[in-house]
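no sequence for this one, just the structure:
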């Protein structure tokens, strides 16, 4: 979201996070602006019994935990690397000065936070009274709209069935069954175990079948 060279010029440093390790944990203090340089992270809440609730999957150029950075609260989620990853970190004080010197960046963060809050509000509304297929469709449309975990060139959804289940509050068996039904109805394509979808009446680009 912010050019890496600009962050480095303000004193940012790189941090390696091996697959399976935490970048930060829920309830910890937020002292850095963190942006994914390479790799991928899952943002989760963990209950006392160890059950995970997936909130989001963060890809390169995305920032992590910025809400806590803006309002001074503790982290509301834990961030765990899904693969070996690298983040670029800038201390909170320097980040705040950076935003003061670059008002356009501040507006960009405001827009991003508004988008995330709108997504959360939509999910709460849609998931409270709709069937599994509708929940899955809402998530897929969100991925397309934000170009997150989604290939706009071939329409591939870059999330596992388990991750979709965790984000929609469904059982993975339900997700598998519903997506198979959507495939049979021509609303998405399952090819070689991969899922392809777009929101134009289920039309899938030809390159999907070849990929």
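Sure, I can see it. Since the structure is predicted, the reported quantities are computational estimates derived from the model, not experimental observations.

ok, and what's touching the helix or strand hosting residue 173?
Assigned by DSSP states H and E, residue 173 falls within helix 172-184. For helix 172-184, contacts defined as C-beta atoms under 8 Å, 6 or more residues apart in numbering pick out 132-133, 136, 161-162, 164-165, 168, 170, 188-190, 195, 202. In this view, the C-beta of every residue, glycine as well, is placed from N, C-alpha and C.

Among those residues, which ones are in helices?
In helices, judged by DSSP state H, the following of the contacts of helix 172-184 are found: 132-133, 136, 161-162, 164-165, 168.

Tabulate those residues (CSV), appending distance to residue 73 and neighbour count.
Output for the ones in helices among the contacts of helix 172-184, formatted as CSV (distance: C-beta to C-beta, whole Å; neighbours: other C-beta atoms under 10 Å):
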residue, distance to residue 73, neighbour count
132, 33, 19
133, 36, 16
136, 31, 25
161, 33, 18
162, 29, 13
164, 29, 24
165, 28, 21
168, 26, 22
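
ok, which pair from those residues is furthest apart?
Farthest apart among the ones in helices among the contacts of helix 172-184 by C-beta to C-beta are 133 and 162. That separation is 17.8 Å.

Which members of the contacts of helix 172-184 define the maximum pairwise distance?
Pairwise distances across these (C-beta to C-beta) peak at 23.2 Å, for the pair 162 and 202.

circling back: just the ones in helices among the contacts of helix 172-184 now: which is nearest residue 25?
The closest of the ones in helices among the contacts of helix 172-184 to residue 25 turns out to be residue 162 (C-beta to C-beta; 21.7 Å).

residue contacts, the closest one?
Contacts of residue 162 by C-beta under 8 Å, 6+ apart are residue 172.

sorry, back to before: for the helix holding residue 173, buried residues please.
174-176, 178-179, 182-183 (16 or more other C-beta atoms under 10 Å).

The most centrally placed residue in the chain: helix or strand, and which one exactly?
Centroid-nearest residue in the chain, with C-alpha atoms, centre = their mean: residue 57, separated by 3.1 Å. Under the criterion of DSSP H and E, residue 57 resides in strand 52-58.

picking up where we left off before, dump the contacts of helix 172-184 to TSV, plus distance to residue 72 and pLDDT.
TSV is the format used below for the contacts of helix 172-184 (distance: C-beta to C-beta, whole Å; pLDDT from 0 to 100):
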residue	distance to residue 72	pLDDT
132	38	91
133	40	92
136	36	91
161	37	94
162	34	93
164	33	93
165	34	91
168	31	86
170	35	88
188	42	92
189	45	93
190	45	93
195	39	94
202	45	47
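
For the closest residue in space to residue 60 that isn't next to it in sequence, list the residues it contacts.
Counting by C-beta to C-beta, 6 or more residues apart in numbering, residue 36 is the residue found nearest to residue 60 once chain neighbours are left out, at 5.0 Å. Contacts for residue 36 (C-beta under 8 Å, 6+ apart) come out as 58-64, 85-87.
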